[in-house]
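> Compute the structure for the input listed below.
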Amino acid sequence: MSDTVSTLATPTQTPQLEAFTQVVEQRRSVRRFTETVIPDDVLDDCLRLAMLAPSSSNLQPWEFFVIESDDIRKKANKICMNQNAARTANKLIAIVAHTNNWQQSIKKVLADYPIKPVPKKVKEYYTKVVPLDLATGPMNVLSPAKWGATTAMRRFKGPTKSPYYSADAVKNWACINASLAAQNLMLALRAHGFDSCPMMGFDEPAMRELLGLDNGQSIVMMIGAGERADNGIYHAQFRFEPESMIQRV
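Residues are numbered from 1 along each chain as shown. Below is the predicted model of the structure:
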């Protein structure tokens, strides 16, 4: 039996549960970091694990900008309002969602698909279904047609997945996917003994300009990462009562 199979969690065998629980429970939004450097190999592994996050149709509409230039970092700190989580972090990372590269991603998926030749159903899904789902056309010109077709299918065939009718909907789709990867990144950092802080408090237009992003790239969040300082956590962790947050229907 291979190591992978022997350590695979099942309902009756959970070899990683304790370690995973510790990683999740110990992850905190750390606002102050020490001067300890995150080794390049550690950061590379964290980014690798981040990119193992699930994504819609495996299109992976994300990109990670690790700010290493001293000049860009100084400007980025200011754009992040000089908050401690950015200013003291060893690494500052922009989580970027892509809305304009799904066509290229389709080509990559089909080129890298692990089964050769690529099954006909897979080709049809990526060349017909996915473009129909994501394409909006100039000024959302395709939206009315997609709305009409979806409405008709619901009426005559029953429940049907809603396509993305607008550029804003596609942006939301990409941001959701990129957020999944960001969570993987933060958990990976904690597993390596480092910490992080996701930040929404920054001037996104200014950061987009600083990083040279185009209109099809949106910054989902900034993540400061490093070793937590003794005063890096501002208060004890608390959450709302589960009864108020979980609905069973």
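> Run through the strands of the chain in chain order.
62-67, 91-98, 195-199, 217-226 (DSSP state E).
> same question for the shortest one, mean pLDDT?
The average of the pLDDT scores along strand 195-199 is 98.
> For this structure, give me the ranges with low pLDDT.
1-5 (pLDDT under 70).
> try it again with 50
1 (pLDDT under 50).
> longest helix of this structure?
Across the chain, the longest stretch assigned as helix under DSSP state H is helix 167-191.
> CSV for the strands of the chain, including distance to residue 15 and mean neighbour count?
Quick note: C-beta positions are derived from backbone N, CA and C, even for glycine. As requested, the strands of the chain are exported to CSV (distance: least, C-beta to C-beta, whole Å; neighbours: other C-beta atoms under 10 Å):
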stretch, distance to residue 15, mean neighbour count
strand 62-67, 30, 18
strand 91-98, 30, 23
strand 195-199, 25, 23
strand 217-226, 28, 23
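> Could you say which one of these comes nearest to residue 21?
strand 195-199 (17.1 Å; C-beta to C-beta).
> What helices and strands are in contact with the closest one?
Here strand 195-199 touches helix 84-87, helix 167-191, strand 217-226, going by 3 or more C-beta pairs under 8 Å, 6 or more residues apart in numbering; DSSP states H and E.
> Now with 6 Å, please.
Counting contacts by 3 or more C-beta pairs under 6 Å, 6 or more residues apart in numbering; DSSP states H and E, strand 195-199 packs against strand 217-226.
> and the strand it packs on, which strands flank it?
strand 91-98 (antiparallel), strand 195-199 (antiparallel) (DSSP bridges).
> Out of those strands, the one nearest residue 161 is which?
Among those, strand 91-98 sits nearest to residue 161 (C-beta to C-beta), with 20.6 Å.
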